[in-house]
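Novice: Prediction below, plus the sequence it came from.
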Amino acid sequence: MYSRIYRPAAYAALAGVSFTWYLHNNADCDGAVQLIAKEGVPYRVVMSGDVGGTNSRLKMFKVDQNAEIKKRERAPGTLIFESKYANIEFKSLAEVVEKFIKDADAAAKTNGTDIQRPTSACFAVAGVVQANQCRLTNIDWVVDGDEMAKDLGIELGNLEI
């Protein structure tokens, strides 16, 4: 069972992405990492994740900050990188996320491009979430969204679990 974020704070944290589950489960990826400038562009990089006891499936999106959110339409954003990790190989979700960011950066460099670190993130986790914290049910991890945000350089309130 996965908890889903349906709070206004999570929507704001994702810079206009209305439903993280929609982005996570419905975006297309052509396998190419696209160029993302570090400054002066009207979009931000957003990360979403589906974190279970066995695997973590993470995706990174480029989201235009001016994109309109329309009911019954696909959430705005372009998938720029995705990967799946076996949780047993890591000590924490923060470790998985750091590996994901390094893998995304390496893939971008292979294509001669650059990728910006995520400025916001939202994770669906297997467990009960209270105060942006969760103890996962099938792996001995405690996830603290605020602590992870600090470690990843994401503004407090822009990382929701």
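Specialist: It's in.
Novice: Report back the residue of this protein that's furthest from centre.
Specialist: Gly112 (23.1 Å; Cα atoms, centre = their mean).
Novice: Please settle this for me: is that residue part of a strand?
Specialist: No - secondary structure assignment (DSSP: H, G, I helix; E, B strand; the rest coil) places Gly112 in coil, not in a strand.
Novice: From Phe100, how far off is it?
Specialist: 21 Å (Cβ to Cβ, to the nearest Å). Bear in mind the C-beta positions are built from the backbone N, C-alpha and C, glycine included.
Novice: In this structure Ala67 contacts Pro76, no?
Specialist: Yes - with contact defined as Cβ atoms under 8 Å, Ala67 counts as touching Pro76 (3.4 Å).
Novice: Spatially, what comes nearest to Arg135 if we skip its sequence neighbours?
Specialist: Val142 (5.0 Å; Cβ to Cβ, 6 or more residues apart in numbering).
Novice: May I ask which helix or strand of this structure has the lowest mean pLDDT?
Specialist: One helix or strand of the chain scores below all others by mean pLDDT, DSSP states H and E: helix 8-13, with a mean of 35.
Novice: and Leu156, what is it in contact with?
Specialist: Applying Cβ atoms under 8 Å, 6 or more residues apart in numbering to Leu156 gives the contacts 146, 149-150.
Novice: related to what we said a few turns ago, residue contacts, the residue farthest from the centre of the chain?
Specialist: Applying Cβ under 8 Å, 6+ apart, no residues qualify as near Gly112.
Novice: any idea of the pLDDT on it?
Specialist: Note on Gly112: pLDDT of 88.
Novice: Over to it: give its phi and psi.
Specialist: phi 70, psi 20 (degrees, to the nearest 10).
Novice: What's the separation between it and Ala121?
Specialist: 26 Å.
Novice: number of nearby residues for the closest residue to Lys62 other than its chain neighbours?
Specialist: Spatially, and ignoring its direct neighbours in sequence, Lys62 is nearest to Thr78 (4.8 Å; Cβ to Cβ, 6+ apart). Thr78 has 16 neighbouring residues, counting by other Cβ atoms under 10 Å.
Novice: still on that earlier bit, which among the contacts of Leu156 gets closest to Ala104?
Specialist: Distance to Ala104, by Cβ to Cβ, is smallest for Ala149 among the contacts of Leu156, at 17.9 Å.
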